[in-house]
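Student: Just a sequence and a predicted model for now, questions to come.
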Amino acid sequence: MSSNRGSASALGGVVAAPVATKKALPTQCKAAVKWADDTALLAVNGAYLPAAPRVDGEGYADACADGLLGDFEWSREPQPWDHTSPYTAYLEVPTSREEKSRLRFRMLTFDDLEKEAGREDGNPTEVAYGWQQGTYRVKTALWEKMRKRAEDLGKSCERATRVFRYAYSSEIHLVHEGSVVRRLCKNLRPPTRDVMDMMLTLGILRWGKLRTFADLTLCNRAHQRAIGVVTAYLDFLSDLLPPGPNGPLIRRGAPRGHEPVRRGVILIGEEIDSMLGWYTRVNIPVYALVSTNEFDIPAELFKPASEPRCSRERSATFGDLKQKMLRARWYAPLRSDYRYIELIGRGYVTRSDERDYKLSDQQTSLKRRGENIDAAHKRARDVRGRVERQLQSRFPVLGSSVQRYANLVERSPALQRVFAQKPRDADMPQPLPAYAAAELRASQDLNILAEALKHPFDPNAAGTEERNWRASEEERERVLQEAAVKFASERKLLTFLPPFTVLTNCESWEKTVAYAVSAVRMLPLFLDRVRLARTDADVKRLTTQDWRGVLGGQYFKNVWRQRQLDKHLGVHGKEIESRIRLREKEEEAKAKGEGKQLTKRDLKRIRAEEEKRGLQFEEYDHGRFWKYGDDVFFGKDESARLQSQPSSRPRTGVLPCGCEPTIELLKGDRLLVSGILFLMNTLVLVHWLAGLLDDEVAERAGIPRIADAGGEHRTPDLTSAAEREGFVRERILPALRCDGLGGDYWPTLSREAASDRGGDWAHGLLWILEHSPYGATLDREKRFDDYWLSLEGIRSGADKVQELEFDAHVLHRYFLASFKRRQWPFEILDRPLAGAFKCEACRASSPQEQHVETGGESALSKDDGLVHYGYDSDLSNEESDNEGMSD
């Protein structure tokens, strides 16, 4: 296909074989101008006579001195008719005076640009540079004027499109089937892409960080073209739609003392007969491109071409840019046939040289980064798809719930831990039957726990629109990182005692036993850390990941190594630094030889290797885990004492029966392990229930506030006799069916009736929930739930309370109050068998005890032939410091 605008072959076969009789010209024809290949352009009702596009070599649209495309400038030169965009004929052409004075048509000058760097909106952290620093952007006052105009046009376009669609759907049946109006309406495509270009170029003119004045000029020209198309669309609809009350809604630009000059349209072939009358009637310049062999054109009609509407002077400044930062279609040269220039400029057709087009280094880098991100997302989708297929193959009844659970887990680490739990052995502590029923009911309210996350760049948030425009890639990355850290800290489970799931969700029975032994030995230290945290900022609650390391020994092993490494660096520090610098030079020279460069990871690796060279680490002994102390675990003072006095040791715990805990003792006594896990969970519940209390209630109870990475909290100190024997014993322990705490801090269980349901523990738990900050909130949110009991209803003793199981409602409220704290609640467990709190030797030497039933099926002893579930099913062989699900 020829690229010559005047080529007859490029115009859909305008030239035909000579005929005996030539066709007559349209009666409205006023003048004609000769084009190439025996064609002529007839001006039907337009005074302007466009010249045939210049042909140099192949012929293409090149950049000219005014930033436009010369003969190929589709916003000013008449273009072939487009049945989807008949409104482009309405494009306004400026007069010579308007081209110099009106912002919509003139070129930008340096007076329109910011000269020096300045602070934006008084924010000292946001610096916007001026053209003296090599960054070109429009001044604030001028940009605000452009923004208001663009926003008004966008709203008018949206409103006009709605009016048109309503009119078309309601009145098109009244229009004749063969009518031109019906044809125009049927094929009309609103200028959606042009509105997008209008807003995009507006943002780039202010926040695009353009590095050349040429890029700024070309961006401004693209902005002007988009505004012209949208305005032409509005004017077209005002002529197309019948007069009525909706007319003023779409009328744009009242006459400014004269009727504006329109660009016009070129009709070819059958379009001349069908569309000529319409455009003539609405006073739009119409041109017909015909073959001189087909039409009889009198010689006196031929006139010389008019002066061009824009510059024809080729410009290397705008045409030979090496670093291009804008859309490819906004740059010349456009090596395409002239009929497609408008479609390319508006983004409906790609450039013919799209594959050879080269972006700037910066844009190439951004494109490569985007492609890498897309590839990473694709890999993630593949992984999620594989996991989902595995889940659906194992649990076919879940169906689409798999995706729902995946979304919930992403929003709540607590749910992630719950779904990752392995099946619990039948002889390990089980939840109360009422608790299990409440858990099933609470699963309908998971959205309270996994509330939707708020994106820091939410476009719907008030006051963020302009910040989003200005945010650089680095700033967005920083803000997103801060939001991720805040999200993790708010939802991370932090405790002073190891959670029950850390002890039970192990990959083997041997590891459960090892964790249980460590928990018993360290229990006094765990409880004492609450007191230390009130005065020592280094002492903090630990995550589930930390607890696995503490109980398994990896946490203290890392402390041992770091202490020895610090001592080694203190003695050989200068020598090590010299080796590091020498090694870095060698590695850098080697990398340059391979065409690479050292990264931060390489430098970190070199330093770690050189620091450890020649150092023989002491073998870790979990039996003396305290040897090197640790400020976070022991506190500064105790850590310093343990390091300075090698013979010193902290207080360690014993079993509830008073015996020393050993792996050999617990490994074969599953009943004792179940008792230890039950009592440890009871102590965790003491802390958790205290955390559910209202701040004022905890303050009156004498529980001070502590702050750490997870926020502020009030945790009772069970080593303090005043707190232990006061509020804790009076209000919290009754809710856990306990009478008190012994001298070794193990809970002593109360002797309630055989059935715990409806006992005093439920009333004790209700008192705590009544005095939590979430009681009134839950009543308001659940007021339409027919099965929900409000606190007022419970206090009034209404009949409805008698219709439901009292303990089931209390436990349901316990679940939802815990959800409000963004955590899954700690289980309220069924009591183990009698004798579970003594080792085998102590049970044999003590009088026979009666079983304490709890209303549900009790766990079976190890001698009853029970077939236990395998502890290693569905679990990996991860190391203790990486085992399980991360927070």
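Tutor: Here it is on my side, so go on.

Student: Show me the protein divided up by domain.
Tutor: Listed by automatic domain parsing, the domain ranges of the chain are 101-261, 500-506+518-525+659-845, 554-619.

Student: ranking these by mean pLDDT, which is last?
Tutor: Lowest mean pLDDT within the domains of the chain: domain 101-261, a mean of 83.

Student: got the end-to-end distance for that one?
Tutor: With C-alpha to C-alpha, to the nearest Å applied, domain 101-261 spans 16 Å between its terminal residues.

Student: Please apply the same query to stretch 545-563.
Tutor: Start-to-end, stretch 545-563 (C-alpha to C-alpha) is 21 Å.

Student: out of the domains of the chain, deepest packed?
Tutor: Ranked by mean neighbour count under mean count of other C-beta atoms under 10 Å, the domains of the chain are led by domain 500-506+518-525+659-845, which reaches a mean of 18. C-betas here are computed from N, CA, C, even on glycine.

Student: gap between the two ends of that domain?
Tutor: First-to-last residue span, domain 500-506+518-525+659-845, C-alpha to C-alpha: 30 Å.

Student: Quick one: closest of the domains of the chain to residue 40.
Tutor: domain 101-261 (22.7 Å; C-beta to C-beta).

Student: coming back round to it: could I get the domains of the chain as a markdown table with distance to residue 300?
Tutor: A markdown table is the format used below for the domains of the chain (distance: least, C-beta to C-beta, whole Å):
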| stretch | distance to residue 300 |
| --- | --- |
| domain 101-261 | 26 |
| domain 500-506+518-525+659-845 | 86 |
| domain 554-619 | 73 |
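
Student: Assign a three-state SS to the residue nearest to residue 760 when sequence neighbours are not counted, would you?
Tutor: Leaving out its chain neighbours, the residue that sits closest to residue 760 by C-beta to C-beta, 6 or more residues apart in numbering is residue 734, at 5.9 Å. Recorded secondary structure, residue 734: helix (DSSP: H, G, I helix; E, B strand; the rest coil).

Student: roughly how far apart are residue 734 and residue 763?
Tutor: 8 Å (C-beta to C-beta, to the nearest Å).

Student: For the top helix by length along the chain, what is the distance to the chain centroid?
Tutor: Ordering each helix of the chain by length in residues (DSSP state H) puts helix 554-593 first. Distance of helix 554-593 from its chain centroid, counting by C-alpha atoms, centre = their mean, to the nearest Å, is 38 Å.

Student: do stretch 619-629 as well
Tutor: 43 Å.

Student: can you list contacts of that stretch?
Tutor: 518, 553, 556-557, 559-560, 563-564, 634, 638-643, 646, 649-650 (C-beta atoms under 8 Å, 6 or more residues apart in numbering).

Student: May I have that stretch as PDB, with CA atoms only?
Tutor: Output of stretch 619-629 as PDB, limited to C-alpha atoms (Å, rounded to 0.1, in the frame of the first residue of the first chain):
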ATOM      1  CA  GLU A 619      28.600 -26.000  70.600                       C
ATOM      2  CA  TYR A 620      25.200 -25.000  71.900                       C
ATOM      3  CA  ASP A 621      23.900 -26.700  75.000                       C
ATOM      4  CA  HIS A 622      20.100 -26.300  75.500                       C
ATOM      5  CA  GLY A 623      20.500 -27.400  79.100                       C
ATOM      6  CA  ARG A 624      22.400 -24.100  79.700                       C
ATOM      7  CA  PHE A 625      20.400 -21.900  77.300                       C
ATOM      8  CA  TRP A 626      20.900 -18.900  79.600                       C
ATOM      9  CA  LYS A 627      24.700 -18.800  79.500                       C
ATOM     10  CA  TYR A 628      25.100 -15.800  77.200                       C
ATOM     11  CA  GLY A 629      21.900 -14.000  78.300                       C
END
